[in-house]
Each structure stands twice: as structure tokens, then as C-alpha cells.
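Novice: here are the coordinates; sequence isn't available:
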């Protein structure tokens with residue numbers, strides 16, 4: 001049975017790449033753990049408060065839903081964002097996206113999510129590449145985010161940029 005995960009994205013260039021390429025990449029230190037993700041797993045795309053470099057204005061949001069469309073494998077060439085290289089990755093099939101800088105504010109759901117046993121320190125669990133959700137939590141996130149999502153082709157263009165996003 002497929003699992004569900006929050007894919008945690010903390011950089012706007014990485015977010016643009018993930019959405020436009022429909023791929024995900026993982027740093028070398030996460031290779032073994034990344035290979036536990038399976039084709040068919042449900043992925044909720046989550047942007048951190050710092051993703052757009054203004055954590056006092058922005059909120060952490062679930063902004064999309066995808067399915068892992070292939071196994072995690074070594075990439076022919078690592079993907080590089082800034083000074084970090086990501087040598088492993090996988091394909092995603094994004095089924096829906098919230099309009100740019102919109103989506104489900106995760107902190108509003110934290111008291112209802114069992115994956116966060118302590119609401120006061122929930123953000124500590126988000127300091128990783130992804131977080132596996134128990135089925136009941138995945139059901140809640142799915143129910144809350146689904147009405148906010150648009151078809152991929154309609155919303156993806158808002159996530160494409162060449163120059164830094166003002167902000």
C-alpha cells in the first residue's frame with residue numbers, strides 16, 4: 001500500500017525546479033533513506049516559511065499533491081542549487097497545485113495531526129527532506145488541501161521563474 005509524505009522544500013529555486021520538472025532530488029546524506037520511498041507513494045509538496053526568503057511574511061504551506069512516478073535512483077548528473085549538490089532523485093506526477101504563494105497553512109492543522117505529538121515543537125520535525133504521514137494524517141491533509149488545488153497545467157506557470165522572486 002502506498003505511503004504518504006510531506007516533501008519539504010525550503011528554497012525558491014528548488015521549488016521552481018521541482019514543480020516545472022516534476023522531479024525531486026535528494027542530498028547525498030539522505031540517499032539510503034530516500035530509497036525507502038516507493039513508486040506510487042503520495043507526495044504533498046510543502047514550502048517552508050523561509051522558502052521565499054522572508055519568513056516573517058510567508059507561512060509554511062502545503063501547495064501541491066503528486067505521486068512518486070519512478071524509483072529514487074542515482075542521477076546522471078547531480079542537480080545543484082547554490083552550493084548544494086543533490087545526486088539522487090525521482091520523477092513526480094503533480095496532480096494539483098495551489099496558486100503561487102497560496103495553499104494550506106500547515107500550522108493550522110498541527111494540533112490535529114498525530115505526526116506532531118507536541119504542537120509547541122512541531123517545526124523541529126520539519127527539518128528534513130520529507131516527513132512520512134500516518135494514514136489518518138494524510139487523509140486530513142488531503143481533505144483540507146484538495147479544494148485549494150488547481151490542475152497542474154493551470155497553476156504550474158506561476159512557479160516558473162528565471163530571476164529571483166522579489167520578496
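Specialist: It's in. The structure presented is a predicted model; accordingly, all values stated were derived computationally and were not measured. Numbers count the residues shown, from 1 in each chain.
Novice: What pairs with the helix or strand residue 62 falls within, parallel or antiparallel?
Specialist: Secondary structure assigned from DSSP states H and E places residue 62 in strand 61-68. Here strand 61-68 has these sheet partners by DSSP bridges: strand 42-47 (antiparallel), strand 84-97 (antiparallel), strand 104-105 (antiparallel).
Novice: Helices along this protein, start to end?
Specialist: For the chain, the helices defined by DSSP state H cover 12-21, 31-34, 135-145, 152-155.
Novice: which of those is buried the deepest?
Specialist: Most buried of the helices of the chain, by mean neighbour count (mean count of other C-beta atoms under 10 Å): helix 12-21, with a mean of 19. C-beta: built from backbone N, CA, C; applies to glycine.
Novice: tilt between that one and strand 84-97?
Specialist: Counting by axes from the mean of the first three to the mean of the last three C-alpha atoms, to 10 degrees, helix 12-21 lies at 50 degrees to strand 84-97.
Novice: how far is helix 12-21 from where the chain is centred?
Specialist: Put simply, helix 12-21 sits 10 Å off its chain's centre (C-alpha atoms, centre = their mean, to the nearest Å).
Novice: as a whole number, average confidence for that helix?
Specialist: Summarised as a single mean, pLDDT over helix 12-21 is 92.
Novice: Also stretch 80-93?
Specialist: According to the model, stretch 80-93 has a mean pLDDT of 90.
Novice: and the gap between residue 35 and residue 58?
Specialist: Residue 35 sits 31 Å away from residue 58, going by C-beta to C-beta, to the nearest Å.
Novice: One more: residue 18?
Specialist: In terms of C-beta to C-beta, residue 18 sits 17 Å off from residue 58.
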